[in-house]
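*Asks:* Attaching a predicted model along with its sequence, questions to come.
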Amino acid sequence: MFDITPTGVATRSKPKENVDFNQWTVTRNQQANFDTIIQVISLRTQPDIIRNPESTKFNSKYFGNQYEDGDYKMWYFDFIVHHNEIYTDGNEKFGKLYYDFESIPMILINTEHRQLGNLIDISNQHRNIYFKELGNE
């Protein structure tokens, strides 16, 4: 549910002259969020990105039951790994991946759902990240 739009703006970069600082900060923070997601995924294996993040209309069926549908966005991207069972915890296909993401801080950009907090949450009530296998609903 976090804005992970890839912008290519490096976290340590400085804005160029005549650039709107607020807009530059937004693009830097979007990239920082995407970098964070990739870094956590990479804790167990190296992912290959096959589709860069895109936004679409928010769908509450994937997330915690505190979130209502509305005029919100969600972001998604596709990646593959070379070891399919790397994230399986014995019970859930992505159990270890969810575990790795629990309570990771993210930057709110103000393009997300109005009820979103600034930590990744995997609980049923507040789930704000979702994984699925390509081709499976």
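*Replies:* Done, it's in.

*Asks:* got any ranges where this structure has weak pLDDT?
*Replies:* 135-137 (pLDDT under 70).

*Asks:* in the longest strand that it contains, what counts as buried?
*Replies:* For the chain, the strand with the greatest residue count under DSSP state E is strand 48-57. Residues of strand 48-57 classed as buried: Pro53 (neighbour count, 16 or more other Cβ atoms under 10 Å). Every C-beta, even on glycine, is put in place using the N, C-alpha and C of the backbone.

*Asks:* And that strand, how far out from the chain middle?
*Replies:* Mean-position distance between strand 48-57 and its chain equals 10 Å (Cα atoms, centre = their mean, to the nearest Å).

*Asks:* Make residue 1 into 26 and carry on from there
*Replies:* That works, and once the first residue is 26, the last one we named lands at strand 73-82.

*Asks:* Quick one: residues in contact with whichever helix or strand comes after that strand.
*Replies:* Using DSSP states H and E, the helix or strand that follows strand 73-82 towards the C-terminus is strand 98-105. By Cβ atoms under 8 Å, 6 or more residues apart in numbering, the residues outside strand 98-105 that reach it are 26-30, 66, 72-84, 87-88, 136-137, 159.

*Asks:* Show me what the very next helix or strand once past strand 98-105 packs onto, helices and strands only.
*Replies:* Where DSSP H and E defines the elements, the next helix or strand beyond strand 98-105 is helix 120-126. Counting contacts by 3 or more Cβ pairs under 8 Å, 6 or more residues apart in numbering; DSSP states H and E, helix 120-126 is packed against helix 46-66.

*Asks:* Check which residues of the helix it packs on are buried.
*Replies:* 49, 51-59, 61-63, 65-66.

*Asks:* Over to stretch 101-118?
*Replies:* For stretch 101-118, by 16+ other Cβ under 10 Å, it's 102, 104, 106, 112, 118.
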